[in-house]
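Peer 1: sequence-free structure coming up:
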């Protein structure tokens, strides 16, 4: 008698959280939901919570995740959509929230670390969970030199800008700039030009997650360039270094069947 094939193990159930920290975007809808949920389930400081529930859209979710990184918390974050797109969010359903949170599935995200040097000599450091991008500040195109792991890969890229994305961020600005969507398990970083003029047909590169990318701004006085790490913008940069920081991570929770990996795959088949 043939044995039945082994079934994959079920996703382990998460304990029902006793302490929830609610964080809300500064919008009327999000603040309304905050008041309702905090009254019904209680509310604690994020540093004391079992789970942080983020009320807002993708932008506020990224802000919340940066707070978790800066506070060096291991607390997972569950997003409830009060915004528009909500790619990182779950539906806004108030009932049985602790029980829902106990069935969630986790995705671990590693940020990019940006080091930007301005024309003044000042050095800026920032973390980005979506992407780091450069863009021209004037009517003239930017001229960038692209180094990867200390080797010059492109002596001159004439463009509106360029970006390096995390896999989680590959469906955002990177996709709009015609960059590839990258699965979370791919261990790859897309490097994508924004409106390239020379070389005109260059579509970018897929780099290993260990890659160290440096953009050097050519003719920076004549063609000034800004750098952005998620929402932090640095003007008049002369060089930008980007590398994934594997020592830091945040955990994002999703309802069953709606994991971030599944959403990234589904996005590749959407119109």
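Peer 2: Ah, there it is. Keep in mind the model is a prediction, meaning the values are calculated, not measured.

Peer 1: Downstream of the strand or helix carrying residue 240, the next helix or strand is which one?
Peer 2: Taking DSSP states H and E as the criterion, residue 240 maps to strand 237-244. Next helix or strand after strand 237-244 toward the C-terminus (DSSP H and E): strand 250-254.

Peer 1: still on that earlier bit, paired strands for the strand holding residue 240, with orientation please.
Peer 2: Looking at strand 237-244 with DSSP bridges, its partner strands are strand 112-118 (antiparallel), strand 212-218 (antiparallel).

Peer 1: What segments of the stretch 151-271 of the chain are strands?
Peer 2: Using DSSP state E, counting those that start in this stretch, the strands of the stretch 151-271 of the chain run over 151-159, 161-165, 188-194, 205-208, 212-218, 225-229, 232-234, 237-244, 250-254.

Peer 1: Any chance of the ones you listed in a markdown table with mean neighbour count, mean pLDDT and distance to residue 136 as columns?
Peer 2: Backbone N, C-alpha and C define where each C-beta goes, glycine included. Shown next, in a markdown table, are these (neighbours: other CB atoms under 10 Å; pLDDT from 0 to 100; distance: least, CB to CB, whole Å):
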| stretch | mean neighbour count | mean pLDDT | distance to residue 136 |
| --- | --- | --- | --- |
| strand 151-159 | 15 | 97 | 8 |
| strand 161-165 | 27 | 97 | 6 |
| strand 188-194 | 23 | 96 | 9 |
| strand 205-208 | 16 | 95 | 21 |
| strand 212-218 | 20 | 98 | 10 |
| strand 225-229 | 25 | 97 | 6 |
| strand 232-234 | 17 | 94 | 13 |
| strand 237-244 | 22 | 98 | 12 |
| strand 250-254 | 22 | 94 | 31 |
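
Peer 1: mind listing what the nearest residue to residue 230 once chain neighbours are set aside touches?
Peer 2: Nearest non-adjacent residue to residue 230, counting by CB to CB, 6 or more residues apart in numbering: residue 128, 4.4 Å away. Residue 128 makes contact with 111-114, 166, 169, 229-230 under the criterion CB atoms under 8 Å, 6 or more residues apart in numbering.

Peer 1: what about 10 Å?
Peer 2: Taking CB atoms under 10 Å, 6 or more residues apart in numbering, we find residue 128 in contact with 62, 66, 111-114, 163-166, 169, 228-232, 242, 245.

Peer 1: Could you report the distance from it to residue 269?
Peer 2: According to CB to CB, to the nearest Å, residue 128 stands 27 Å off from residue 269.
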